[in-house]
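[1] Sequence and predicted structure, then a few things I'm wondering about:
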2 protein chains.
Amino acid sequence: MDTNNYAVIMAGGIGSRFWPMSTTDFPKQFIDMLGTGKSLLQQTFSRIAQFIPDENILILTNDRYKDLVLEQLPSLTEKQLVLEPVMRNTAPCILLAALKIAKWNPEAKMLVAPSDHWIEDEVSFANDVLTSFKAIGDTGKLVTLGINPTFPNTGYGYIEEGAVVSSETGLHKVTQFREKPDYETAKEFIAQGNFLWNAGIFSWSVSGIINAFEAYLPEMLELFNKGIAQFNTENEAVFVSENYGNATNISIDFGILEKSELVFVIKANFDWNDLGTWGSLHDKITTSESENAVVRAVPHLREATGNMILTDKEKLVVVDGLKDYIVVDKEESLLIFPKKKEQEIKQLLAELKDKFGEKYT
Amino acid sequence: MDTNNYAVIMAGGIGSRFWPMSTTDFPKQFIDMLGTGKSLLQQTFSRIAQFIPDENILILTNDRYKDLVLEQLPSLTEKQLVLEPVMRNTAPCILLAALKIAKWNPEAKMLVAPSDHWIEDEVSFANDVLTSFKAIGDTGKLVTLGINPTFPNTGYGYIEEGAVVSSETGLHKVTQFREKPDYETAKEFIAQGNFLWNAGIFSWSVSGIINAFEAYLPEMLELFNKGIAQFNTENEAVFVSENYGNATNISIDFGILEKSELVFVIKANFDWNDLGTWGSLHDKITTSESENAVVRAVPHLREATGNMILTDKEKLVVVDGLKDYIVVDKEESLLIFPKKKEQEIKQLLAELKDKFGEKYT
């Protein structure tokens, strides 16, 4: 494996749409959402570790999840953790990771990838990422891996593919990034044929991304550059805890990618699912909408179709007469909720916080 | 309190209609079904102990529930337990209890009462039972307490009230006992006005009931009379384990009450509910059918009406969009079942036994 290749896995989310399976104390990426025996983070790590050296893989997450990460990935050393003391969206933690990696290895290329997505075809994933590393070149290209869209999903951002730059790597210019569109717009994107889903998977050289911060978020770079001497030493934590909160709360997409002229895209060859909603999880577990998707539970289902049934342990679940429901059973909470209302789960969480404080969320 | 007064509480059922709240290992009468902080057995015991001396109250149950009974009623001594080694319906265990009590006190009167019913008006209950004791007299009368029926329930047996015998006690002859009727017949009973529900609450003298066994089940009396020397001694258990299984499997209603000429009835003045189905439990907990009945759970209910929600501990239960469902959550099993199908729960249990053996039932 090329020791210049690095990866940072984004593991700071709280997965509130999957409450109560996912909670603030134990979010989605740390959960075995598919019943495979591995958490999504563990799956992501092992997928990447097949072509990037273990010790070159960093985990970006919130301070509070440090123990969870180390428990699930016991081979990690502390220097592989980039811990946000407060949430500041993706730009600050990616910059911090880039600066740490650059200090070890100024020649490094880095993959940025979410911790909580589903990608089954690990060979295609490895090939696509290695192709994207090759495509970075020496001009500081910022390369995104775009997903071929299969339907007009309104829950994803889109990338408009421009002119081809390299037929060898399949690299294209990016014409524009588009935030989550309405349904009509999404349908147009699909009809147009040159739009890809933005899966939050990026490749760049550390120098390329640091240059981009210098161009588009110079104050953030200046803030973190003050810590260069501390990075990768025992003093890093103190610097981060004192300064991180002063960074602008901004996403890498909005802060850098939508502004840079050096942004490119490669169409991914692997199937991908962001496991972003109960519906998408259901799709990944079963082959048809009317089937019941069951994770960990021991089901006895009578006249029950299209349900998503998850328990936190092996537990008998008897359901009669439910159609298209989410049933989630955990030690301290039980959710029985129509799948078609899954967008209301954030609202539901607000109701629960009003009523019970943080106790159940 | 009159030390000639005794009670036997029938606590041998397995409450399978309330699965999974009630299981073979931990049946309904040992459960706090109403969320009052006391099990149904504990409530029944304390209701009776208000007018019958504690030490005169016997519990009839199956051998396997001995520890459960002693745990829930720690003041009991072992001699107050009548333990069936095998289930033989109500006649044998009532005879055994009567013979034990008669050996202590040949003058005794005994109340027989189920352990798992709901009776809130404890004063009326005490008055009615004491009136029934008075009505027994010295001719060996067998007195039942009949419940004024409020609707044509097809799940109960009925007692037809005959001529009045004593206006002081409200004692009437019984014209006939009727097993669970069909709906049309039940409607006629109600229209006729002289039918009462049979709640399984009986009063008699020990001599009176023993005489009745001599008349109608002489073989059973003969069988148990062989143990007289052993009853209430440390040798009782050996006698019972060797002989109880040879007793005929027959109910006190069918074996004695439907045959005897000495059967009388007093109309009860207390409200009563047998808590025999999820529906009747729902009725006891809420005041309207559309209300949700919640036991122990911490509910957050959205567009949910008429549901019966029970958990085995304090646990958040979020339900959206369910109507008239039973939701029962226990450590090892979860049931989500339409209330209108509650009669299918026995069938469901058979399905579960086929599929999983005894594991969950």
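    Noted; the coordinates are in hand. Residues are numbered from 1 along each chain as shown, chains lettered A, B, ... in the order given.

[2] got the residues of the stretch 251-361 of chain A near chain B?
    Counting by C-beta under 8 Å from any C-beta of the partner chain, the stretch 251-361 of chain A comes close to chain B at A:298, A:300, A:302, A:311, A:315-322, A:327, A:329, A:331-338, A:341, A:344, A:348, A:351-352, A:355-356, A:359-360. For every residue, glycine as well, the C-beta is placed using N, CA and C.

[3] Only the buried subset of these, as a ChimeraX command please.
    A single ChimeraX command is used to select the members of these judged buried by 16 or more other C-beta atoms under 10 Å in any protein chain shown:
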select /A:298,300,302,311,315,316,317,318,319,320,321,322,327,329,333,334,335,336,337,338,341,348,352,360
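
[4] From the residues of the stretch 251-361 of chain A next to chain B, which land in strands?
    A:298, A:300, A:302, A:311, A:316-320, A:327, A:329, A:333-338 (DSSP state E).

[5] So what's the residue count around A:Thr3?
    A:Thr3 has 12 neighbouring residues, counting by other C-beta atoms under 10 Å in any protein chain shown.

[6] Now do the contacts for the spatially closest residue to it that is not a sequence neighbour.
    Closest residue to A:Thr3 apart from its sequence neighbours, by C-beta to C-beta, 6 or more residues apart in numbering or on different chains: A:Pro53 at 5.9 Å. Contacts for A:Pro53 (C-beta atoms under 8 Å, 6 or more residues apart in numbering or on different chains) come out as A:1, A:3, A:5.

[7] hang on, the second one packs against A:Asn56?
    It stands for A:Thr3. Yes: at 6.9 Å, A:Thr3 and A:Asn56 qualify as touching, with contact defined as C-beta atoms under 8 Å.

[8] nearest spatial neighbour of the closest residue to chain B within the stretch 151-300 of chain A, skipping sequence neighbours?
    Nearest residue of the stretch 151-300 of chain A to chain B (C-beta to the nearest C-beta) works out as A:His300 at 6.2 Å. Counting by C-beta to C-beta, 6+ apart, A:Val318 is the residue found nearest to A:His300 once chain neighbours are left out, at 4.7 Å.

[9] Where do the helices of the stretch 101-250 of chain A begin and end?
    In the stretch 101-250 of chain A, the helices defined using DSSP state H, counting those that start in this stretch lie at A:122-136, A:183-192, A:206-216, A:218-225, A:236-243.

[10] Quick one: closest of those to B:Phe125.
    Distance to B:Phe125, taken as C-beta to C-beta, is lowest for helix A:183-192 among these, at 64.8 Å.

[11] can you pull the contacts of A:Phe151?
    Residues near A:Phe151 by C-beta under 8 Å, 6+ apart: A:Ile190.

[12] From A:Gly279, how far off is it?
    12 Å (C-beta to C-beta, to the nearest Å).

[13] give the contact list for the closest residue to A:Gly306 other than its chain neighbours.
    Closest residue to A:Gly306 apart from its sequence neighbours, by C-beta to C-beta, 6+ apart: A:Asp324 at 4.2 Å. By C-beta under 8 Å, 6+ apart, A:Asp324 lies in contact with A:305-307, A:338-340.

[14] Could you tell me which of those count as buried?
    Neighbour-count burial (16+ other C-beta under 10 Å) applied to the contacts of A:Asp324 gives A:306-307, A:338-339.

[15] from these, which is closest to chain B?
    Comparing those against chain B with C-beta to the nearest C-beta picks out A:Pro338 as the nearest, at 4.9 Å.

[16] excluding its backbone neighbours, what's nearest the closest one?
    B:Gly321 (4.9 Å).

[17] swap in A:Tyr244?
    Closest residue to A:Tyr244 apart from its sequence neighbours, by C-beta to C-beta, 6+ apart: A:Pro85 at 5.2 Å.

[18] Roughly how far does the one you found sit from chain B?
    Look at A:Pro85 and chain B: by C-beta to the nearest C-beta, to the nearest Å, they are 30 Å apart.

[19] from what I can see that residue touches A:Ser241, true?
    Yes: if you go by C-beta under 8 Å, A:Pro85 and A:Ser241 touch, sitting 4.9 Å apart.

[20] And the residue nearest to A:Thr3, what's its pLDDT?
    Here the pLDDT value assigned to A:Pro53 is 98.

[21] Look up phi and psi at it.
    The phi and psi values for A:Pro53, taken as degrees, to the nearest 10, are phi -60, psi 130.

[22] Okay, it and chain B: tell me how far apart.
    A:Pro53 is 44 Å from chain B, by C-beta to the nearest C-beta.

[23] where's that residue relative to A:Ser75, distance?
    12 Å.

[24] Check A:Ala126 too.
    From A:Ala126 over to A:Ser75 (counting by C-beta to C-beta), the distance is 20 Å.

[25] and if you look at A:Leu223?
    Taking C-beta to C-beta, one finds A:Leu223 at 32 Å from A:Ser75.

[26] residues touching A:Asn235, list them.
    A:Asn235 is in contact with A:Ala229, counting by C-beta under 8 Å, 6+ apart.

[27] What is the nearest of the contacts of A:Asp324 to A:Ala268?
    The closest of the contacts of A:Asp324, once distances to A:Ala268 are taken by C-beta to C-beta, is A:Lys339, at 27.6 Å.

[28] count of residues packed around the spatially closest residue to A:Phe51 that is not a sequence neighbour?
    Distance criterion C-beta to C-beta, 6+ apart; nearest residue to A:Phe51, sequence neighbours excluded, is A:Ala126 at 4.3 Å. Residues within reach of A:Ala126, counting by other C-beta under 10 Å, total 16.

[29] Please apply the same query to A:Lys226.
    So A:Lys226, with other C-beta under 10 Å, has 11 neighbours.

[30] From A:Met10, how far off is the closest residue to A:Asn243 other than its chain neighbours?
    Nearest non-adjacent residue to A:Asn243, counting by C-beta to C-beta, 6+ apart: A:Leu223, 6.0 Å away. Here A:Leu223 is placed at a distance of 20 Å from A:Met10 (C-beta to C-beta).

[31] Specify which residue of these two has the higher count of neighbours.
    Higher neighbour count among A:Leu223 and A:Met10: A:Met10, with 24 against 17, using other C-beta under 10 Å.

[32] A:Asn5 contacts A:Asn56, correct?
    Yes: counting by C-beta under 8 Å, A:Asn5 does reach A:Asn56; the two are 6.4 Å apart.

[33] okay, and the common contacts of these two?
    Common contact partners of A:Asn5 and A:Asn56 (C-beta under 8 Å, 6+ apart): A:Ala108.

[34] and the stretch 1-150 of chain A, which of its residues are near chain B?
    Within reach of chain B by C-beta under 8 Å from any C-beta, the stretch 1-150 of chain A has these residues: A:Pro20.

[35] try it again with 10 Å
    A:19-20 (C-beta under 10 Å from any C-beta of the partner chain).

[36] all strands for the stretch 1-150 of chain A, in order.
    For the stretch 1-150 of chain A, strands defined by DSSP state E, counting those that start in this stretch occupy the ranges A:5-10, A:57-62, A:81-84, A:109-114, A:142-147.

[37] The last one vs strand A:109-114, what angle?
    Read that as strand A:142-147. Strand A:142-147 and strand A:109-114 are oriented at 40 degrees to each other (axes from the mean of the first three to the mean of the last three C-alpha atoms, to 10 degrees).

[38] and strand A:142-147, which strands flank it?
    Strand A:142-147 has the following sheet partners, assigned by DSSP bridges: strand A:195-205 (antiparallel), strand A:263-267 (parallel).
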